[in-house]
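Chemist: predicted model and sequence below, questions to follow.
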Amino acid sequence: MARNVELGEFLKSRRARLRPEDVGVPSYGSRRRVPGLRREELAQLAGVSVAYYIRLEQGTAEGVSAEVLDAISRALRLTGDEHVHLHRLAHPPRRTRPAGPPRLRAPLQHLLDSITHAPAYVVGHYTNVVAWNRLTAAVFVDLANVPADERTWSHQIHLNGDYRARLGDNWPAVARRNVAYLRFRSGQDPDDPRLRALIGSLRERSPEFGRMWSAHHVTDLTHGEARIDHPDVGRLVLPFETLHLPGDPDLSRLMLYAAEPGSASEMALRRLAETSAHLSSADLDGGAAPSRSGD
């Protein structure tokens, strides 16, 4: 989607979710032809002219100041991530992208292999899984058996029926979170060809993804909780944290999971650790090379 269209669609979607009573605008009981605030009402709340705001919804952001964007953000009651996304859509960042595939430092794979009782993996900038440990394969997906071009969490969540079954009734929340994160990433790097190709492919192959994408939800992925219905050990509840890798520009973050001490999930992870010796950890260079530790 062109940047100007993206900006306009985002503003319209955020305006549509606000009701007049949410922001103290009298509705006078009149029937509204469209949901949410009218453009005139939003412009008044933001302190800009109606014509100026209409130009923004049409995607014309040249010369718009940060102060005006801040005022519109406050009027729309954007979240912190949405506020950042609005600024990025209006003033797209410039990024220098590596020419080749992401590179993984050997110590990172060694670190993953040393984590033997919890899933851990490294992802790139478009949810691509670059490296993982054995419990990632045991708990989520055996990525060694996934084609390299589909080795992304987005593919697994939206197109892998077996993984969807493991997510169970938590799948809708996980799917929405993934789509909102892809929106966030598209604002960070709108010209990334791999990210654009991934989003385009998912919109074409998954009508559910397309509907979620049209909602324009925007959220970074910082921490949360995974809930898995595992066929061998039952329900797993695994809080996770994300750690950025500022010294590795080819990579995005390290994902770490840990069960609550003494919980049934912790015991289940220990059982999986004992029975997953046949699974492989891998890095990008090795494709799906087995771990060298303990083989």
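Modeler: Sure, I can see it.
Chemist: name the SS class of Glu21, please.
Modeler: With DSSP: H, G, I helix; E, B strand; the rest coil as the basis, Glu21 sits in helix.
Chemist: measure stretch 186-197 end to end?
Modeler: 11 Å (Cα to Cα, to the nearest Å).
Chemist: ah, wrong one, I meant stretch 39-54
Modeler: For stretch 39-54, the first-to-last residue distance is 7 Å (Cα to Cα).
Chemist: buried residues in it?
Modeler: By 16 or more other Cβ atoms under 10 Å, the buried positions in stretch 39-54 come out as 39, 41-46, 48, 53. (C-beta placed from N, C-alpha, C; glycine too.)
Chemist: check stretch 217-235 too.
Modeler: Across stretch 217-235, burial judged by 16+ other Cβ under 10 Å covers 217-221, 226-228, 230, 233.
Chemist: how about CSV for the buried residues of stretch 39-54, with distance to Arg95 and secondary structure added?
Modeler: Supplementary listing: the buried residues of stretch 39-54 in CSV, determined by distance: Cβ to Cβ, whole Å; DSSP: H, G, I helix; E, B strand; the rest coil:
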residue, distance to Arg95, secondary structure
Arg39, 32, helix
Glu41, 36, helix
Leu42, 31, helix
Ala43, 32, helix
Gln44, 36, helix
Leu45, 33, helix
Ala46, 29, helix
Val48, 30, coil
Tyr53, 29, helix
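Chemist: and which of these is nearest Trp153?
Modeler: Set against Trp153, the nearest of those by Cβ to Cβ is Leu42 (35.3 Å).
Chemist: surely the closest one touches Ala16?
Modeler: No - using Cβ atoms under 8 Å as the test, Leu42 is too far from Ala16 to be in contact (10.5 Å).
Chemist: show me the helices in the stretch 1-150 of the chain, by range?
Modeler: Secondary structure of the stretch 1-150 of the chain (DSSP state H, counting those that start in this stretch): helices at 3-16, 39-46, 50-57, 66-76, 80-90, 106-114, 134-139.
Chemist: which SSE is immediately downstream of the lengthiest helix in the chain?
Modeler: What stands out as the longest helix in the chain, according to DSSP state H, is helix 171-188. Where DSSP states H and E defines the elements, the next helix or strand beyond helix 171-188 is helix 193-205.
Chemist: so what does that next one touch, helix or strand wise?
Modeler: Helix 193-205 sits against helix 153-159, helix 171-188, helix 207-214, with contacts defined as 3 or more Cβ pairs under 8 Å, 6 or more residues apart in numbering; DSSP states H and E.
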